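Enquirer: fold the following.
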Amino acid sequence: MAAAREHFEASLEAVDPELAALVVSEARRQAGCLDLVASENHVSRAQLEAAGSILGNSTVEGYPDARFLEASPQVDAIERLAIARACQVFRSRFANVQPHSGTQANQAVFLALLAPGDTVLSMSVAAGGHFSHGERSSLSGMWFHAVHYGVDAATGLIDYDEAARQALRHRPKLVIAGASAYPRAIDFERFAAIARSVGAHLLVDIAHVAGLVASSLFPNPFPHAHVVTSTTYKNFRGVRGGLILCNDPALAARIDAALCPGLQGTPMVNLIAGKAVAFLEALQPAYRAYCVQVLANARALAAALVRAGVHVTTGGSDTPFVIADLRPLRCDATEAVRRLAGVCIGASGAPVPGDAGGMARAAGLRLGVSSLTTRGMGEAECEEVGAIVARVLRLPDATLDGTTSAALLQRVSALCTRFPLYATAVT
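Expert: Next up, the predicted model:
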């Protein structure tokens, strides 16, 4: 009996103080750093409570009213609620809220629509595409034949004519629009015409712009796309996970079967609950105001970088992030990320048009503003962040080791103090 009570009542700190200390340290790091990693954000306390709730004990398989392993009425109601809210947010008829990630959402679409060896047309990783769209090192590239389109080397904009030529030459079964590091709006109608020209399905991946799509600040992939995938974190500001949307009931059934039992078994009910909260938040007027500010902040950051002598691909952004070209500064992303981390700024590398270094030695830096915006920062603060980033990138390491580094750290700390995270401890 005593052992049972300890199991139910002992805290993390009591059971595993080593891990508890690491979690507390990470919470302090997040509070004291400026996070410009475009794939990260800060979720609400309500989402944290749902995702960390007793629902983590629930095990189910299949879908509401069609479970392989039965669920409680409450669990079925939670998933139905998440589905209904997702459809309302993205104006779709069907939604699958079970994918553990955006990559698994994409894999489910491949499994539903393709046979091994079929051809896929997608944006190359070198141009800003995502590895789950057919990169050879991923399952999507190992099992399927992927061909790619890119961007114009001079403008950095998608070369739609090249995409059309590639489609006619290779006759893909699936065309993919959407990217991981492309900072401009995408013409989904044009991609739909390219897909129709060869009888292909069109998949649109909105993982990095889902919040803007939900808020009508980025082109809506519907009605042009057959299926839309996304993550629920990043710019969308939800808990970790993936999402699949479509409007065709027959296609929805194929996708559901492809995900479970095709790829996944048990969904994470606690994270589905967190997603349901995120979808509800996205339906509130304050959420659109947040997304409006995200877009304004990205453009303010881009302008500040340009003023400070840092080249920005395409000259700006229609997305929650900016791509800085590091080649004129004679450094690569690995070095830039390390130097920014030295002043408590998080960032990630990205390829730029004509980049020969590959992902391992990318010549671009992807700088997102979603996390800064969630903290309450506006254009003025993002301009200051841009000035700090530019100064770090343009100064030699020897200078950053001295008083300049201390001064920049003080500016970062001041911003973090003015715009704190959770008012009470969250671990």
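Enquirer: is residue 7 within a helix or a strand, and which one?
Expert: Counting by DSSP states H and E, the element that carries residue 7 is helix 2-9.
Enquirer: next one: that helix to chain centre, how far?
Expert: Helix 2-9 sits 39 Å away from the centroid of its parent chain (C-alpha atoms, centre = their mean, to the nearest Å).
Enquirer: what does that helix contact?
Expert: Where contact means C-beta atoms under 8 Å, 6 or more residues apart in numbering, no residue beyond helix 2-9 reaches it. In this view, the C-beta of every residue, glycine as well, is placed from N, C-alpha and C.
Enquirer: run the chain-centre distance for the helix or strand just after it.
Expert: The helix or strand immediately downstream of helix 2-9 is helix 12-15, counting by DSSP H and E. Taking C-alpha atoms, centre = their mean, the mean C-alpha location of helix 12-15 is offset from the chain mean by 32 Å.
Enquirer: what does stretch 378-392 give?
Expert: On C-alpha atoms, centre = their mean, the centre of stretch 378-392 falls 22 Å from the chain's centre.
Enquirer: report the buried residues of it.
Expert: 379, 381-392 (16 or more other C-beta atoms under 10 Å).
Enquirer: out of these, which is nearest to residue 134?
Expert: Comparing these against residue 134 with C-beta to C-beta picks out residue 389 as the nearest, at 32.2 Å.
Enquirer: SS state for that closest one?
Expert: At residue 389, secondary structure determined by DSSP: H, G, I helix; E, B strand; the rest coil is helix.
Enquirer: before we move on, what about residue 163?
Expert: helix.
Enquirer: from residue 390, how far off is it?
Expert: 34 Å (C-beta to C-beta, to the nearest Å).
Enquirer: and what of residue 239?
Expert: 33 Å.
Enquirer: could you do residue 297 as well?
Expert: On the measure of C-beta to C-beta, residue 297 and residue 390 end up 16 Å apart.
Enquirer: then residue 39?
Expert: Distance, residue 39 to residue 390, by C-beta to C-beta: 22 Å.
Enquirer: got it, and residue 371?
Expert: Taking C-beta to C-beta, one finds residue 371 at 19 Å from residue 390.
Enquirer: also residue 59?
Expert: 50 Å.
Enquirer: next: residue 44.
Expert: Distance from residue 44 to residue 390, by C-beta to C-beta: 32 Å.
Enquirer: can you give me the helices for the stretch 1-150 of the chain?
Expert: According to DSSP state H, counting those that start in this stretch, the stretch 1-150 of the chain carries its helices in the segments 2-9, 12-15, 17-32, 45-51, 73-90, 102-113, 139-143.
Enquirer: so for residue 310, which of these sits nearest?
Expert: Among the helices of the stretch 1-150 of the chain, helix 17-32 sits nearest to residue 310 (C-beta to C-beta), with 24.6 Å.
Enquirer: what residues of the closest one count as buried?
Expert: Quick answer for helix 17-32 (16+ other C-beta under 10 Å): 30, 31.
Enquirer: centre of the chain to that helix, how far?
Expert: When C-alpha coordinates are averaged (C-alpha atoms, centre = their mean), helix 17-32 and its chain have centres 23 Å apart.
Enquirer: what is the mean pLDDT for it?
Expert: Mean pLDDT, helix 17-32: 96.
Enquirer: show me the strands in the stretch 151-300 of the chain, by range?
Expert: 174-177, 201-205, 227-231, 242-246 (DSSP state E, counting those that start in this stretch).
Enquirer: quick revisit: can I get the buried residues of stretch 378-392 in JSON lines including pLDDT and distance to residue 272?
Expert: Formatted as JSON lines, those follow (pLDDT from 0 to 100; distance: C-beta to C-beta, whole Å):
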{"residue": "379", "pLDDT": "98", "distance to residue 272": "36"}
{"residue": "381", "pLDDT": "98", "distance to residue 272": "34"}
{"residue": "382", "pLDDT": "98", "distance to residue 272": "33"}
{"residue": "383", "pLDDT": "98", "distance to residue 272": "39"}
{"residue": "384", "pLDDT": "98", "distance to residue 272": "39"}
{"residue": "385", "pLDDT": "98", "distance to residue 272": "34"}
{"residue": "386", "pLDDT": "98", "distance to residue 272": "37"}
{"residue": "387", "pLDDT": "97", "distance to residue 272": "41"}
{"residue": "388", "pLDDT": "97", "distance to residue 272": "39"}
{"residue": "389", "pLDDT": "97", "distance to residue 272": "37"}
{"residue": "390", "pLDDT": "96", "distance to residue 272": "42"}
{"residue": "391", "pLDDT": "94", "distance to residue 272": "44"}
{"residue": "392", "pLDDT": "94", "distance to residue 272": "40"}
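Enquirer: now those residues in TSV, with distance to residue 280?
Expert: Shown next, in TSV, are the buried residues of stretch 378-392 (distance: C-beta to C-beta, whole Å):
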residue	distance to residue 280
379	28
381	28
382	28
383	33
384	33
385	30
386	33
387	37
388	35
389	34
390	39
391	41
392	39
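Enquirer: of these, which pair is most distant in space?
Expert: Longest span within the buried residues of stretch 378-392, C-beta to C-beta: 379 and 392, 20.4 Å.
Enquirer: before we move on, back to that, the strands of the stretch 151-300 of the chain: which one's closest to residue 31?
Expert: That would be strand 227-231 among these, by C-beta to C-beta, at 23.6 Å.
Enquirer: okay, angle between the closest one and helix 102-113 too, please.
Expert: Interaxial angle of strand 227-231 relative to helix 102-113 (axes from the mean of the first three to the mean of the last three C-alpha atoms, to 10 degrees): 160 degrees.
Enquirer: backbone dihedrals for the nearest residue to residue 80 once chain neighbours are set aside, both of them.
Expert: Distances taken as C-beta to C-beta, 6 or more residues apart in numbering place residue 64 nearest to residue 80, at 5.4 Å, with adjacent residues excluded. Per-residue torsions, residue 64: phi -50, psi 130 (degrees, to the nearest 10).
Enquirer: all set, thanks.
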